[in-house]
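Engineer: sequence first, then the predicted structure, then my questions.
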Amino acid sequence: MTISDYQTALVTGASSGIGEAVVEDLVKRGLTVHAIARRADRLEELKEKTRCTTHILDVRDTKEMNDLFSSIAPDILINNAGVGRAIDSTVNANPEDLDQTIETNVTAAIHAVRAVTPSMIKNGKGHIVNVGSVAGLYPLSSSVYGASKGAIHFLSTNLRLELVGTGIRVTEICPGRVRTEFYDAAIDDQDIRHKLKETGITEITSADVAASITYALDAPWHVNVARVELQPLEQTYGGVNFDHAPQGKE
């Protein structure tokens, strides 16, 4: 079962970045692609460029998403929609930003899986690709975002156990720094945003991530690419930092 055995793909968060690149790749491979996003103008541009089918939808609207995804009954789900609100600080975060991050990155992803798996099980084939992050695998100073992507990591690994024998493959894609609009949407403070964006390294691109997804989809039928980690050559994760705790007044 390679990508040629699939007919229909559904991509969330499709209006820019990784989602947009995935739509372009899958259309080129001959699939019918349904692109899901909130921004109508961006979707219209994507439709004109790729001839994909577009749907304006906020994935936090569970009922509307369930109805739409169930009716499409895709062979492939690319669970890509995500936000990074409160990425710079949990302590100072706006509660609404916390909710938006968890609802978009975790709750919506789970509901998307719930909506598409019945038809995949019935057909005896399918592929779920969850776009996670290295933030869900390694300690980073972003606890809320890391927690949301950690949930995606365990959703993916446990879903493999739950779906074994059904013919459905599950892949987790874990990028490091990607050159997208992510930080522009995640952070309002211009100084903090600039500091996080300007790393001085050559970041990977949305096309690089899309290529890793296509690779997983195109694997032979007996191969499940369980997880792909990709990051800039000049970036890595791990290690231990030490700092002195504030000293109390005598």
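Structural biologist: Looks like it arrived, so ask away.
Engineer: worst-scoring helix or strand of the protein, pLDDT-wise?
Structural biologist: helix 182-186 (a mean of 55; mean pLDDT, DSSP states H and E).
Engineer: buried residues in the longest helix along the chain?
Structural biologist: The helix that spans the most residues within the chain, counting by DSSP state H, is helix 143-163. Within helix 143-163, the residues that qualify as buried by neighbour count (16 or more other Cβ atoms under 10 Å) are 143-153, 155-156, 159-160, 163. Bear in mind the C-beta positions are built from the backbone N, C-alpha and C, glycine included.
Engineer: quick one: contacts of whichever helix or strand comes after it?
Structural biologist: Per DSSP states H and E, helix 143-163 leads on to strand 168-175 as the next helix or strand towards the C-terminus. Applying Cβ atoms under 8 Å, 6 or more residues apart in numbering, the external contacts of strand 168-175 come out as 1, 18, 117, 120-121, 125-134, 136-137, 149, 152-153, 156-157, 159-160, 163, 204, 209, 212-213, 216-217, 219, 224-231.
Engineer: mind listing the helices for this protein?
Structural biologist: With DSSP H, the ranges of helices along the chain come out as 17-28, 40-50, 62-72, 95-102, 108-123, 143-163, 182-186, 190-197, 206-217.
Engineer: ok and the longest one relative to helix 108-123, angle-wise?
Structural biologist: Which is helix 143-163. Relative orientation of helix 143-163 versus helix 108-123 (axes from the mean of the first three to the mean of the last three Cα atoms, to 10 degrees): 10 degrees.
Engineer: now swap in the first one and tell me
Structural biologist: With the same axes, to 10 degrees applied, the angle from helix 17-28 to helix 108-123 works out at 20 degrees.
Engineer: give me the contacts around the longest helix of the chain.
Structural biologist: Contact with helix 143-163 is made by 79, 82, 84, 86-87, 90, 93, 98, 101-102, 105-106, 109-110, 113, 117, 121, 128, 130-133, 135-137, 139-140, 170-172, 174, 224, 226-227, as judged by Cβ under 8 Å, 6+ apart.
Engineer: let's go with 6 Å and repeat that
Structural biologist: Helix 143-163 has contacts (Cβ atoms under 6 Å, 6 or more residues apart in numbering) with 84, 86-87, 90, 98, 101-102, 105-106, 130, 132-133, 135-136, 140, 170, 172.
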